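Trainee: Make a model of this:
(2 chains)
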Amino acid sequence: MRSSAGRLSLWLLLTPFLLWIVLLVLLPHLQMLRVSFQVRESWDTLDWGLQQYQNFFSESYYWRTFVRTGVMSLFTTFLTLVIAFPIAWYIAKLARGRSKGLLFLACLIPFWASELVRTYGWMILLRESGVFSTWLQALGWADGPVEMLYNDVAVIIGLVYNGLLFMVVPLVTTLEGMDENLVEAGYDLGGGHFTVLREIVVPWAMPGIVSGCIVVFMLTLGSYLTPILMGGKDSAWFTQQIFTQFITRFNWEQGAALGVLLLVLSSFIVWIGLRVTGQSLRKVMG
Amino acid sequence: MASESDLSCSGLVRRFGDNAAVDHVSLNVPAGTFFSILGPSGCGKTTLLRLLAGFDRPDEGEIRIRGQRMNEVPPNRRPVNMVFQHLALFPTMSVGDNIAYGLKRRGVPAAERQKRVARVLEQVGLPGTENRNPQQLSGGQRQRVALARCLVLEPTLLLLDEPLGALDLKLREQMKVELKHLQKAFGTTFVYITHDQSEAMVMSDQVAVMKNGRFDQVAPPEELYREPATPFVAGFVGDNNRLAGELISVREGLAEVRLDDGGLVRGRMASQAPAVGERAELFVRPESLVLAGEALKPDFSTVQASVDTTLFDGANSRVEVTSSGQTLFARLPQDGSAPGLSEGATLQLGWDPMLARVFPAGGA
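Mentor: Residues are numbered from 1 along each chain as shown, chains lettered A, B, ... in the order given. Below is the predicted model of the structure:
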């Protein structure tokens, strides 16, 4: 009686999780995998084959965009880490009481608006008729309107901005757990600033660094709005091509294959990252 | 003077706002000695230690180590190492890497490093533990690793910030003795801060008793115990009984005090003495009090007291009594020859006036 009640409550607790993982994660991915191996012979006949994957490798535009997206995402992740680390250090170790909460809140506030609004904010600043351009002209540093939008730098600015919070939070959490005496001991035994950072602070913060990097990398690789809005028509992002295949070209088979490839890429890079840093997913996410 | 001492400070002041945590402290630690700074929490001893280590700068005064002025030298360039209260062993490094960290910073080559790490681990009694993780070691072993990590650098001065506080009682007793042996073996000058008077007494060559940012007395442990310079030292170092009264006369260094219940008692005048007619406090240690059953010499002072309870604690067994509203403790004889001390029984306590100290009242 008791054990059957226990089992019932276990199933009730598990049901939402199982529904979510099966209906929203497993099913679409399996479906996408299946569609990606289908070759459309004519409008009503389907065959199995690797046609879509062959297209990806033979059409240089696809895999170039693929590599470009991967490399730029890695760079964005690295840049986010470099910017977020001092911020997290300040919040975790130097700020006290009220100012600590306020700083944390300041990092959070941009996320009350949607990604679209955040991105438009940057566009208002960077566009030809935007705030920065006007200032530069007013100061006499530029003769005419300056276009700062629609290039890779603009895309990276937008992506770093979107990822910052997701890097700061895990870093603050790990750094807060660090005993200040470790840093003092590092100096006391003869280390300089750089040595203490490299030998003591970074190894300690490694789980936070890796978990932050994984989240930011995934977000960046899978982001869609920011590269489109800030990158313009020349700035190809791989998600854009998936969108094009599904929506514009109505070529679901090709879109599915590209989607699978993106999933493989992100999983592979995360796996490499974990191996290189000697962290395990359980330790990083636990 | 400056050349013989490893550490000398003059007029050190460190203020936080209006409050001087370290208030004109001067000290002089001869080479190779074990120097303790003893004080209650909040007396400024940790601040003083951080000034010596270089984590904080004094507002006034000068720190000299082997005659070299240290005020502007950052912590990583001082010939000083510190054992932290919670040890601060690097959790991401093995025991060997923890100890080699400092040597690496000095550019000692790898082979030499390995040799010196092995040697210092042997000296602290942990040979062959290089590859262990600090978290796998017991509290006492971690203590020794923290010590080895500093001693391998052969510092002029080793600072210790209550490192025994986190250990359990038995291990603490053991480490006390061991620390003293290690200090003798290495010959390094130790500056040890603690709030535990027993730690300071057992290990030190010299103890400075600190209160409100100042040193009350600097003396060897025995002198501190027998000849306290201030009522605070008398009360803080070792157990002491305190009897309040009024000083009525002084004859040949012996003061006569009229207690509040009218009884007359005598004790030796302390160097910091009250004037006749002033309020005074007489300090007498529990082991100086003799119960009436024992031989009371005619010149002994006595008080009447009633027994509250007896506290059996082996060699440290005591009886708690009340005399004219003041609680006193007396050591019970070791051989168990104490008379029946039932609760509420009255007895007479006596002491040799030479073993009691009279201070001005309100000193502590």
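Trainee: list the contacts for B:Ser317?
Mentor: Contacts for B:Ser317 (Cβ atoms under 8 Å, 6 or more residues apart in numbering or on different chains) come out as B:310-311, B:331-332. (C-beta placed from N, C-alpha, C; glycine too.)
Trainee: one more time with 7 Å
Mentor: By Cβ atoms under 7 Å, 6 or more residues apart in numbering or on different chains, the contact set of B:Ser317 is B:311, B:332.
Trainee: Same check on the one 10 residues further on?
Mentor: By Cβ under 7 Å, 6+ apart, the contact list for B:Thr327 reads B:Glu320.
Trainee: Against chain B, how distant is A:Phe37?
Mentor: Going from A:Phe37 to chain B by Cβ to the nearest Cβ, to the nearest Å gives 46 Å.
Trainee: Mind naming the longest helix for the chain?
Mentor: Just going to use chain A. Longest helix of chain A, by residue count under DSSP state H: helix A:60-89.
Trainee: wrong chain, I was asking about chain B
Mentor: helix B:169-186.
Trainee: Could you give me the buried positions within the longest helix of chain A?
Mentor: Within helix A:60-89, the residues that count as buried by 16 or more other Cβ atoms under 10 Å in any protein chain shown are A:62, A:65-66, A:69-70, A:72-74, A:76-77, A:79-81, A:83-85, A:87-89.
Trainee: And for stretch A:227-245?
Mentor: By neighbour count on 16+ other Cβ under 10 Å, the buried set for stretch A:227-245 is A:227-231, A:235-243, A:245.
Trainee: Lowest-confidence one in the residues you listed?
Mentor: Lowest pLDDT among these: A:Ser235, with 74.
Trainee: do you know how far the nearest residue to A:Phe66 once chain neighbours are set aside is from chain B?
Mentor: Spatially, and ignoring its direct neighbours in sequence, A:Phe66 is nearest to A:Phe238 (5.4 Å; Cβ to Cβ, 6 or more residues apart in numbering or on different chains). A:Phe238 sits 36 Å away from chain B, going by Cβ to the nearest Cβ.
Trainee: any idea how far A:Thr220 is from A:Phe238?
Mentor: 11 Å (Cβ to Cβ, to the nearest Å).
Trainee: ok, now B:Arg77?
Mentor: When B:Arg77 is compared with A:Thr220 (using Cβ to Cβ), they lie 43 Å apart.
Trainee: Show me which of the two is the more surrounded one.
Mentor: The neighbour count for B:Arg77 versus A:Thr220, taken as other Cβ atoms under 10 Å in any protein chain shown, is higher for A:Thr220 (27 against 13).
Trainee: Can you give me the buried ones in the helix or strand harbouring the more buried one?
Mentor: According to DSSP states H and E, A:Thr220 maps onto helix A:202-221. If you call a residue buried by 16+ other Cβ under 10 Å, then helix A:202-221 has these buried ones: A:203-221.
Trainee: Taking helix A:60-89 as reference, get the angle to that helix.
Mentor: 140 degrees (axes from the mean of the first three to the mean of the last three Cα atoms, to 10 degrees).
Trainee: can you pull the contacts of residue 28?
Mentor: Using chain A here. No contacts exist for A:Pro28 under Cβ under 7 Å, 6+ apart.
Trainee: Sorry, I should have been clearer: chain B.
Mentor: B:5, B:8.
Trainee: That one in helix, strand or coil?
Mentor: Counting by DSSP: H, G, I helix; E, B strand; the rest coil, the backbone at B:Asn28 sits in strand.
Trainee: State the pLDDT value of it.
Mentor: 91.
Trainee: ok, what's across the strand from it?
Mentor: Under DSSP bridges, the beta-bridge partners of B:Asn28 are B:Ser8.
Trainee: separation between the residue nearest to B:Val13 when sequence neighbours are not counted and chain A?
Mentor: Spatially, and ignoring its direct neighbours in sequence, B:Val13 is nearest to B:Glu60 (3.9 Å; Cβ to Cβ, 6+ apart). Distance check for B:Glu60 against chain A: by Cβ to the nearest Cβ, it reads 23 Å.
Trainee: how about the residues of chain A near chain B?
Mentor: A:179, A:181-182, A:184-185, A:187-192, A:195, A:199-200, A:203-204 (Cβ under 7 Å from any Cβ of the partner chain).
Trainee: Between which two of these is the distance greatest?
Mentor: Farthest apart among the residues of chain A next to chain B by Cβ to Cβ are A:Asp179 and A:Gly192. That separation is 19.9 Å.
Trainee: end-to-end on stretch A:231-247?
Mentor: 20 Å (Cα to Cα, to the nearest Å).
Trainee: So B:Met82, which state does it fall into?
Mentor: Strictly by three-state DSSP, B:Met82 counts as strand.
Trainee: Please tell me how far it sits from chain A.
Mentor: Note on B:Met82: its distance to chain A, by Cβ to the nearest Cβ, is 5 Å.
Trainee: Now residue 280: closest residue in space that isn't a chain neighbour?
Mentor: By default, I'm working from chain A. Spatial nearest neighbour of A:Ser280, excluding adjacent residues (Cβ to Cβ, 6+ apart): A:Leu274 at 6.7 Å.
Trainee: if you could check chain B rather than the one you did, that'd help
Mentor: B:Leu247 (4.2 Å).
Trainee: who's in contact with the strand or helix carrying that neighbour?
Mentor: Assessed by DSSP H and E, B:Leu247 sits inside strand B:241-251. Here strand B:241-251 makes contact (Cβ under 7 Å, 6+ apart) with B:235, B:255-260, B:265, B:269, B:274, B:276-284, B:286, B:326, B:328-329, B:358, B:361.
Trainee: And chain B, what are its domain boundaries?
Mentor: Structural domains annotated on chain B: B:5-233, B:239-360, as defined by automatic domain parsing.
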